[in-house]
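>>> I would like the atomic coordinates for the input below:
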Amino acid sequence: MPVARLVALLLLGFAAACARADALADIGRLQSAGRAEQALAVAERALAAAPRSAPLRFARATLLAELQRADEAAAGVDAHAEAEAE
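Model prediction:
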């Protein structure tokens, strides 16, 4: 693999990780401010870009439980566990 391509791939991965970290920080701030619905929207947008992110899935499940949507939270956790088992 050419070095330039490897560097580009590494930078792309780093940018994606930074975007997830930013989303998690935003989710935490919104949740702490009592704005769980908005935090959930941020989590769902971030998960659309990184559907296998365990920290984002955990944040989403926590927010759903906080919003009294435990069935959805459990279904999301179950779906993630099944995907990881494949």
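>>> quick one: the most centrally placed residue in the chain from residue 32, how far?
In the chain, the residue lying closest to the centroid (Cα atoms, centre = their mean) is residue 56, at 2.2 Å. Counting by Cβ to Cβ, to the nearest Å, the gap from residue 56 to residue 32 is 17 Å. C-betas here are computed from N, CA, C, even on glycine.
>>> and residue 34, helix, strand or coil?
Following DSSP: H, G, I helix; E, B strand; the rest coil, we place residue 34 in the coil state.
>>> spell out the residue ranges of the helices in this structure.
For the chain, the helices defined by DSSP state H cover 3-32, 36-49, 54-66, 70-85.
>>> low-confidence stretches in this protein?
By pLDDT under 70, the low-scoring segments of the chain are 1, 3-19, 80-86.
>>> let's see that with 80 instead.
Applying pLDDT under 80 to the chain flags residues 1-21, 77-86.
>>> distance check, residue 30 against residue 65.
Between residue 30 and residue 65 the computed distance is 16 Å (Cβ to Cβ).
>>> which one's more surrounded, the two?
Taking neighbours as other Cβ atoms under 10 Å, residue 30 and residue 65 compare with residue 30 leading, 19 against 16.
>>> contact partners for that one?
Applying Cβ atoms under 8 Å, 6 or more residues apart in numbering, we find residue 30 in contact with 36, 38-39, 42.
>>> swap the cut-off to 7 Å and go again
38-39, 42 (Cβ atoms under 7 Å, 6 or more residues apart in numbering).
>>> what of residue 36?
Going by Cβ under 7 Å, 6+ apart, residue 36 touches 63, 66-67.
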